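Peer 1: Got a predicted model here, sequence first, then my questions.
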There are 2 protein chains.
Amino acid sequence: MLSKNTVKFIKSLHQKKYRSEIGKFFVEGEKSVLEVLQSNFTVDLLLSTESFAQKNSGMLRTYRGELIQVTQNQLEQVGQYQSNDAALAVVRMKENSAFEPANEELILALDDVRDPGNLGTIIRVADWFGIKKLVFSPQTAEFYNPKVIQATMGSFTRVQFFYEDLERVFNRWQVPVYGAFLDGKNIHKLGRPSPGVLLMGNEAKGICAELEKLVTQKVTIPGFGMAESLNVAIATAILCDNFKRLMSL
Amino acid sequence: MLSKNTVKFIKSLHQKKYRSEIGKFFVEGEKSVLEVLQSNFTVDLLLSTESFAQKNSGMLRTYRGELIQVTQNQLEQVGQYQSNDAALAVVRMKENSAFEPANEELILALDDVRDPGNLGTIIRVADWFGIKKLVFSPQTAEFYNPKVIQATMGSFTRVQFFYEDLERVFNRWQVPVYGAFLDGKNIHKLGRPSPGVLLMGNEAKGICAELEKLVTQKVTIPGFGMAESLNVAIATAILCDNFKRLMSL
């Protein structure tokens, strides 16, 4: 039975303040919930409709957390989205310790990407291209924001990330930093890149002046029309695709 | 003065039914409104805050439609978005006659892309890559939906489009159709493509079986991670970037 206290608890997780205090977040939607159940995240609580439980009875046999059966209507009341989602999982956050660019081909760095939808899409793109490590400036959107989690389509379970002063990180790492600018080198004409960092800037302002000084190579997606810019998630995807292509040359 | 009737009229344009009946749509946001004023669309009515009118007095001198000064608060009541938008334009739809792939390098075709945000982002991407002509299956999202217009960031003023049975169009055109599939040829390994059509499928189902038969070359974005798929706007952007690169080889 879904108690009032549980409803109140899950609703509190819509707010960053309570997510941080409690150290938990929630995941919605059939695909995302199935992905988190199979990941190395710890699920503490699962709200499941009868149909979700029946369809996924095999997977639920090994689930050790609390399970509450709910109606679709109840799910929609506690969650963020109205959809045919059939489950909601409350999950423990993971402590992410800082990493070094040891054996990574490419690390993705974001300078103040503020929109949760953009961050989530970028995480999904990173996962598609096999990029496992991401480093975010402190003002970048929160990884555990429900809109971020939703937009990753389960890819949040397969990347490592940490929030850090990017100037400090780049100074410490001493690897090439490729920065996305409107006036950089045409990415189609770039030679084989060295392993390093791809840095993407804020939606409105791009990469800040302090970080621009630490960019080794400015890169640009060649445009052929009149649009002034591309959305940051779109630009990230195109640049990652080019990097993977160039690295296999 | 903003009359009740004008408020009612603009609110009716939030619905597809009334947009189609009246043959008008609305555009919000400073950048988009400025773009539509400079385009060959006809603006019939402009709601403008005092600050927008002052900042853009030069451009407004040549504006011949009706102008109503409003407060930010009034704007937010009639529009779709709450933001620092400073104007809203009511614009006449354009009749789009069917076009032929005469001198086009690349025409973009969408098979049932349903999400307005995706369609808008795709139009912005097309404009970035200089793709001027788009053809949509009848079930694709409506071009004049406010969410589509918003996501194009003004690029809707620079593309031609029409809605048509894609099977009929492809049979008539007799040009190569490159279709996005998860099991196509690696786009990085493709030779120089011929001028033709890039076809993208529905968000959930991809390209339908009837159209698959008319695809000349299936293409795929190589993945290196565990994500099952990419968002359709992201995939469109990556494929367009590769086409432009390959066509300049």
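Peer 2: In hand now; what should we look at?
Peer 1: From A:Glu21, how far out is A:Ser12?
Peer 2: Counting by C-beta to C-beta, to the nearest Å, the gap from A:Ser12 to A:Glu21 is 9 Å. C-beta here means a position set from N, CA and C on the backbone, and glycine is covered the same way.
Peer 1: So between these two, which is more surrounded?
Peer 2: A:Ser12 (14 against 10; other C-beta atoms under 10 Å in any protein chain shown).
Peer 1: ranges for the strands of chain A?
Peer 2: With DSSP state E as the criterion, chain A has strands at A:24-28, A:43-48, A:66-69, A:87-92, A:106-110, A:133-136, A:160-163, A:177-186, A:196-200, A:217-220.
Peer 1: got the buried residues for stretch A:16-30?
Peer 2: Going by neighbour count (16 or more other C-beta atoms under 10 Å in any protein chain shown), the buried part of stretch A:16-30 is A:Arg19, A:Lys24, A:Phe25, A:Phe26, A:Val27, A:Glu28, A:Gly29, A:Glu30.
Peer 1: Which two among those residues are spaced furthest apart?
Peer 2: A:Arg19 and A:Glu30 (22.4 Å; C-beta to C-beta).
Peer 1: can you list the weak-confidence ranges in chain A?
Peer 2: By pLDDT under 70, the low-scoring segments of chain A are A:82-85.
Peer 1: Do you have the helices of it handy? List them.
Peer 2: For chain A, helices defined by DSSP state H occupy the ranges A:4-12, A:16-22, A:30-37, A:50-55, A:57-60, A:72-78, A:116-128, A:146-152, A:166-173, A:209-212, A:232-247.
Peer 1: Run through the neighbouring helices and strands of the first one.
Peer 2: Other helices and strands packing on helix A:4-12, by 3 or more C-beta pairs under 8 Å, 6 or more residues apart in numbering or on different chains; DSSP states H and E, are helix A:72-78, strand A:87-92.
Peer 1: Need the residues that contact it.
Peer 2: Applying C-beta atoms under 8 Å, 6 or more residues apart in numbering or on different chains, the external contacts of helix A:4-12 come out as A:Tyr18, A:Ile22, A:Phe26, A:Leu45, A:Leu47, A:Ile68, A:Gln77, A:Val78, A:Gly79, A:Leu88, A:Val90.
Peer 1: Relative to chain B, which of the residues you listed is nearest.
Peer 2: A:Gly79 (19.5 Å; C-beta to the nearest C-beta).
Peer 1: Spatially nearest residue to the residue nearest the centre of chain A (excluding sequence neighbours)?
Peer 2: Taking C-alpha atoms, centre = their mean as the criterion, A:Ile123 is the residue nearest the geometric centre of chain A, at 3.6 Å. Closest residue in space to A:Ile123, ignoring its immediate chain neighbours: A:Thr152 at 4.4 Å, by C-beta to C-beta, 6 or more residues apart in numbering or on different chains.
Peer 1: Return the distance of the residue lying closest to A:Lys94 once chain neighbours are set aside relative to A:Phe136.
Peer 2: Nearest residue to A:Lys94, sequence neighbours excluded (C-beta to C-beta, 6+ apart): A:Phe41, at 6.7 Å. Distance, A:Phe41 to A:Phe136, by C-beta to C-beta: 19 Å.
Peer 1: So these two - more neighbours on which side?
Peer 2: A:Phe136 (22 against 18).
Peer 1: Surely that one touches A:Asp165?
Peer 2: No. Judged on C-beta atoms under 8 Å, A:Phe136 makes no contact with A:Asp165 at a distance of 10.7 Å.
Peer 1: residues contacting A:Tyr63?
Peer 2: When contacts are counted by C-beta under 8 Å, 6+ apart, A:Tyr63 touches A:Leu37, A:Val43, A:Leu46.
Peer 1: out of those, who's nearest chain B?
Peer 2: Distance to chain B, by C-beta to the nearest C-beta, is smallest for A:Leu37 among the contacts of A:Tyr63, at 15.2 Å.
Peer 1: what about the closest one, how many neighbours?
Peer 2: Neighbours of A:Leu37 (other C-beta under 10 Å): 21.
Peer 1: distance of it from A:Tyr63?
Peer 2: From A:Leu37 to A:Tyr63 the distance is 6 Å (C-beta to C-beta).
Peer 1: what do you get for A:Thr152?
Peer 2: 21 Å.
Peer 1: do A:Leu190 as well
Peer 2: From A:Leu190 to A:Tyr63 the distance is 47 Å (C-beta to C-beta).
Peer 1: Report the contact partners of the closest residue to A:Met153 other than its chain neighbours.
Peer 2: Once flanking residues are discounted, A:Met153 sits nearest to A:Arg124: 5.4 Å by C-beta to C-beta, 6+ apart. By C-beta under 8 Å, 6+ apart, A:Arg124 lies in contact with A:Ala151, A:Thr152, A:Met153, A:Ser155, B:Ala227, B:Leu230, B:Asn231.
Peer 1: sorry, back to before: including mean neighbour count, could the helices and strands packed on helix A:4-12 go into CSV?
Peer 2: CSV is the format used below for the helices and strands packed on helix A:4-12 (neighbours: other C-beta atoms under 10 Å in any protein chain shown):
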stretch, mean neighbour count
helix A:72-78, 16
strand A:87-92, 23
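Peer 1: Verify the contact between A:Met38 and A:Gly58 for me.
Peer 2: Heads up, residue A:38 is Gln, not Met. No. The pair A:Gln38 / A:Gly58 is not scored as a contact, 11.4 Å apart, by C-beta under 8 Å.
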